[in-house]
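**Q** Pasting a predicted model and its sequence here:
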Amino acid sequence: MKNLLVLLIKIYWLVPPSKRRKCIFKTSCSRHVYEKTIREGFISGLQAFKYRFENCRSGAYIIENPCGEIQIILPNQQILNETEISERFIKNK
């Protein structure tokens with residue numbers, strides 16, 4: 001099963017980047033799931049996919065906290081710091 005998930009991700013990577021949805025995370029969702037699957041196995045890869053799928057969607061928004069730091073609030077209300085946010089989202093703020 002691990003190999004199947006890795007294969008599906010590699011097939012996804014054949015789709016031109018312009019046709020893929022842009023990820024809000026610094027490490028793309030597919031790269032994160034791929035690395036998690038390779039390192040920790042199929043179940044961890046599926047859990048990573050589920051988490052990213054649920055939170056890399058509309059409903060996340062960028063804020064600047066009182067200290068001036070850029071953060072993003074995910075649909076599950078988790079707050080991520082600037083180091084975890086894709087640079088293109090920070091530039092567009």
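**A** Received, thanks. Here the structure is a predicted model, which is why all the values come from computation and not from measurement. Numbering: from 1, shown residues only.
**Q** any idea how far the residue nearest the centre of the chain lies from Leu8?
**A** Most central in the chain under C-alpha atoms, centre = their mean is Cys29, positioned 3.5 Å from the mean C-alpha point. Distance of Cys29 to Leu8, computed by C-beta to C-beta, to the nearest Å: 13 Å. (Each C-beta comes from the backbone N, C-alpha and C, glycine too.)
**Q** What is the subsequent helix or strand relative to whichever helix in the chain runs longest?
**A** Ranked by number of residues, the top helix in the chain under DSSP state H is helix 42-55. The first helix or strand that comes after helix 42-55 along the chain, using DSSP states H and E, is strand 61-64.
**Q** re the thing from before, the longest helix of the chain - contacts with which helices or strands?
**A** The elements that helix 42-55 packs onto, with contact taken as 3 or more C-beta pairs under 8 Å, 6 or more residues apart in numbering; DSSP states H and E, are helix 2-13, helix 29-40.
**Q** Now do that helix and helix 2-13, the angle between them.
**A** Interaxial angle of helix 42-55 relative to helix 2-13 (axes from the mean of the first three to the mean of the last three C-alpha atoms, to 10 degrees): 40 degrees.
**Q** what's the average pLDDT for helix 42-55?
**A** Averaged over helix 42-55, pLDDT sits at 93.
**Q** Would you mark the buried spots in it?
**A** Counting neighbours by 16 or more other C-beta atoms under 10 Å, one finds that the buried residues in helix 42-55 are 45-46, 48-49, 51-52, 55.
**Q** Restrict it to CA atoms and write it as CSV.
**A** The C-alpha coordinates for helix 42-55 follow below in CSV (Å, rounded to 0.1, in the frame of the first residue of the first chain):
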residue,chain,number,x,y,z
PHE,A,42,1.4,4.1,4.7
ILE,A,43,-0.8,4.9,7.7
SER,A,44,1.3,8.0,8.6
GLY,A,45,1.1,9.1,4.9
LEU,A,46,-2.7,8.7,4.9
GLN,A,47,-3.0,10.7,8.2
ALA,A,48,-0.8,13.4,6.7
PHE,A,49,-3.0,13.5,3.6
LYS,A,50,-6.2,13.7,5.6
TYR,A,51,-4.8,16.6,7.7
ARG,A,52,-3.5,18.5,4.8
PHE,A,53,-6.6,17.9,2.7
GLU,A,54,-8.8,19.2,5.5
ASN,A,55,-6.7,22.3,6.2
